[in-house]
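Asks: fold the stuff below for me.
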Amino acid sequence: MKKTPLFDIHMASAARIVNLKGFARPVEYVGHTEEHRAIRERVSLCDVSHMGELEFTGRDALTLVDRLITNDAARLDVNQALYTVMCNENGHVIDDLVCLRLAEDRFIWVVNVTKTDEDYRWVLKHAEGLDVHVRNLSTDLALIALQGPYSSEVLQKITEADLSEMAYYRLAEASVMTRELEVRCIVSRIGYTGERGYEICVSRDLAPCVWEALIRAGRPLGIVPHGVAARESARTEAGYLLNGNDMDDRTYPYEVGLGWVVKLYKDFIGRDALAAIAEQGTPRKLVGLEADGCRTIRHGYPIFKDGERIGQVTSGPLSPDLLGGASSLGLGFVASPHALGVRDAHYDAGIIAYPFRERRVRDGARVNTLSPYGLRYSEDHLWVGTEPGGRATIGLTDFAQRDLGEMLFVELPTPGNRIVRGSPFGWLDAYRKPFDLIAPLSGTVVAVNTSVVDRPSDANRYPYARDGLIQIEPSDTGEISELVHMAAYTEITRKLERYEAWSQDLRLT
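Replies: The predicted model follows:
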């Protein structure tokens, strides 16, 4: 059984770990239902390092990629991705995958765990004679999926990538600041749950640092990790397909609603076969299934019409308890069924449209937050962001909100008040202690973030909210240059955390 680089973390925190497709995978941490709801309502983290990664580099990289996949890689900009399938000469699906373009002549595929070796051999076979270098990076890289409505607010706390500018299926090679060190990653706005989310591709050895940084950044927003149970239910609810369940090497893309990734105007392996299928149609189709009451729709169950078996369930179950509804849901191949059979018992089921839940992958962030990399910092744990018009925004750092604990009361100046660098301009009453807000700049207050005054816990949840605490017109712009950049501020906080750990040891002895 193979282990991902996060195996030790899972062993310490997961409720159950199983051997799934040759990898040790956590099934759940705090419970399937709670993890599913965290994906839908808050934010959740999943280790998907079992997935495979193939890299293409060289002058003919695009030629090879476009020859192998049904979608059109030539239309990709640098730092853009697409979803596609790879087919054999008969038009049957070998694998479905995500293709990332990192440079004009560099691509990375994220492929399915059970197909990685087969995909690699297929790619090498068709790379012969081309000026392209193909590498299997699966043992070198780790992949972490951050999913949920607040995924942007969590990730933005620790990355230099401007997530407000990152559209769906776009990506960036960017730094992520962890407690131990700064880590280079590929951050892509992609996911498998139907929610706004990101996948972070990182060197295998550094994955635990990134995982812990995301967990720490997400605590004020209620983050919990999720295992394969919630990943499976979320992807099924969102109508995403699983290779090996909903498609295999006998499946045409058109049968599973993937005709949109087949671009018949270009040349690729299997094109002629798929062009014929597109014209003739398919004898079966993947559909959504619904059974009322406590009946469960499970993978492998047969589907009947008038006593004759006409299909099979491919994905499920989505139970009423999980979804808060009155019926169970699943996916299956059918012609036109009216009843679902389980062993010798039969019960009524109907065909319904899927996805079963609206996909919110293109939704904007709940709160507009800033990357901490573009800010300046004071040793009193306030940050300063400048705007083109000369105004400066002042906010509380992520380290400060963690150190202080839950905010109970916030007092801020009113517009028109003057603040003086080095002097208090307001204060916070937090769970652990009161805290004076020491002005990092001098100037006149022009705006106050009243939402923090009304809801002090927002200072914990969104330390880098674009509105900060206050906005001022600086009276001396030269003071800004005396504040430190993120790297220097992070070193200050690391020393403070090391001291806290050291002094805690002394207090315990």
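Asks: just the mean pLDDT for stretch 364-384, thanks.
Replies: Per-residue pLDDT values over stretch 364-384 give a mean of 96.
Asks: sorry, slip of the keys, the one I care about is stretch 461-471.
Replies: Mean per-residue pLDDT for stretch 461-471: 97.
Asks: any idea which helix or strand in this structure has the lowest mean pLDDT?
Replies: When the helices and strands of the chain are scored by mean pLDDT, DSSP states H and E, strand 339-342 comes last with a mean of 49.
Asks: what's the closest non-adjacent residue to the residue most central in space within the chain?
Replies: Nearest to the geometric centre of the chain sits Tyr198, at 2.7 Å (CA atoms, centre = their mean). Nearest non-adjacent residue to Tyr198, counting by CB to CB, 6 or more residues apart in numbering: Leu146, 4.9 Å away. No exception for glycine: its C-beta is placed from N, CA and C like everyone else's.
Asks: how close does Asp98 get to Arg170?
Replies: Just to correct that, residue 98 is Val rather than Asp. According to CB to CB, to the nearest Å, Val98 and Arg170 sit 12 Å apart.
Asks: just Ala276 next, same as before
Replies: Distance from Ala276 to Arg170, by CB to CB: 35 Å.
Asks: more neighbours: the two, which one.
Replies: Neighbours around Ala276 and Arg170, counted as other CB atoms under 10 Å, are more numerous at Arg170. The numbers are 18 against 10.
Asks: mind listing what the nearest residue to Asn90 once chain neighbours are set aside touches?
Replies: Closest residue in space to Asn90, ignoring its immediate chain neighbours: Ala273 at 5.2 Å, by CB to CB, 6+ apart. Going by CB atoms under 8 Å, 6 or more residues apart in numbering, Ala273 touches 87, 89-91.
Asks: Asn71 now?
Replies: Contacts of Asn71 by CB under 8 Å, 6+ apart are 82-85, 99, 261-263.
Asks: now the two most distant members of these.
Replies: For the contacts of Asn71, with distances taken as CB to CB, the pair at the greatest spread is Cys99 and Val262 (14.4 Å).
Asks: what would the contacts of Ala273 look like in a markdown table with distance to Thr159, neighbour count and secondary structure?
Replies: Formatted as a markdown table, the contacts of Ala273 follow (distance: CB to CB, whole Å; neighbours: other CB atoms under 10 Å; DSSP: H, G, I helix; E, B strand; the rest coil):
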| residue | distance to Thr159 | neighbour count | secondary structure |
| --- | --- | --- | --- |
| Cys87 | 36 | 25 | strand |
| Glu89 | 42 | 10 | coil |
| Asn90 | 43 | 14 | coil |
| Gly91 | 40 | 23 | coil |
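Asks: closest to Ile470 out of the residues you listed?
Replies: Among those, and counting by CB to CB, the member closest to Ile470 is Cys87, at 57.7 Å.
Asks: which strand residues bridge that closest one?
Replies: With DSSP bridges applied, Cys87 shows beta-bridge pairing to Val93.
Asks: how much space between it and Gly129?
Replies: Cys87 sits 21 Å away from Gly129, going by CB to CB.
Asks: chain center to stretch 159-168: distance?
Replies: Centroid displacement of stretch 159-168 relative to its chain, using CA atoms, centre = their mean, to the nearest Å, is 12 Å.
Asks: state the mean pLDDT of it.
Replies: For stretch 159-168, mean pLDDT is 97.
Asks: how about stretch 444-452?
Replies: Across stretch 444-452, pLDDT averages out at 97.
Asks: buried residues in it?
Replies: 445, 448-449, 452 (16 or more other CB atoms under 10 Å).
Asks: and the chain, what are its domains?
Replies: The chain resolves into domains spanning 1-51+138-242, 52-135+252-282, 283-364, 372-494 when parsed by automatic domain parsing.
Asks: give me whichever of those is most buried.
Replies: Mean neighbours per residue, mean count of other CB atoms under 10 Å, is largest over the domains of the chain for domain 1-51+138-242, with a mean of 21.
Asks: what sits closest to Asn368 if chain neighbours are left out?
Replies: Excluding the flanking residues, the one nearest Asn368 by CB to CB, 6+ apart is Arg466, at 4.5 Å.
Asks: show me what contacts the one you found?
Replies: By CB under 8 Å, 6+ apart, the neighbours of Arg466 are 368-370, 385, 393.
Asks: I'd like to know how far it sits from Glu165.
Replies: Distance of Arg466 to Glu165, computed by CB to CB: 13 Å.
Asks: try Asp47
Replies: Asp47 is 27 Å from Glu165, by CB to CB.
Asks: list the contacts for the residue lying closest to Tyr431 once chain neighbours are set aside?
Replies: Closest residue in space to Tyr431, ignoring its immediate chain neighbours: Gly405 at 3.5 Å, by CB to CB, 6+ apart. Applying CB under 8 Å, 6+ apart, we find Gly405 in contact with 430-432.
Asks: now do 10 Å
Replies: The contact partners of Gly405, by CB atoms under 10 Å, 6 or more residues apart in numbering, come to 430-433, 460.
Asks: in helices, which of the residues you listed fall?
Replies: Residues of the contacts of Gly405 located in helices (DSSP state H): Asn460.
Asks: any common contacting residues for Val98 and Arg170?
Replies: Listed as contacting both Val98 and Arg170 by CB under 10 Å, 6+ apart are 81, 188, 190.
Asks: which helix or strand contains the last one?
Replies: The reference is to Ile190. Using DSSP states H and E, Ile190 sits in no helix or strand.
Asks: now the residue lying closest to it once chain neighbours are set aside: which helix or strand?
Replies: Excluding its sequence neighbours, the residue lying closest to Ile190 (CB to CB, 6+ apart) is Glu199, at 5.0 Å. Glu199 belongs to strand 197-203 when assigned by DSSP H and E.
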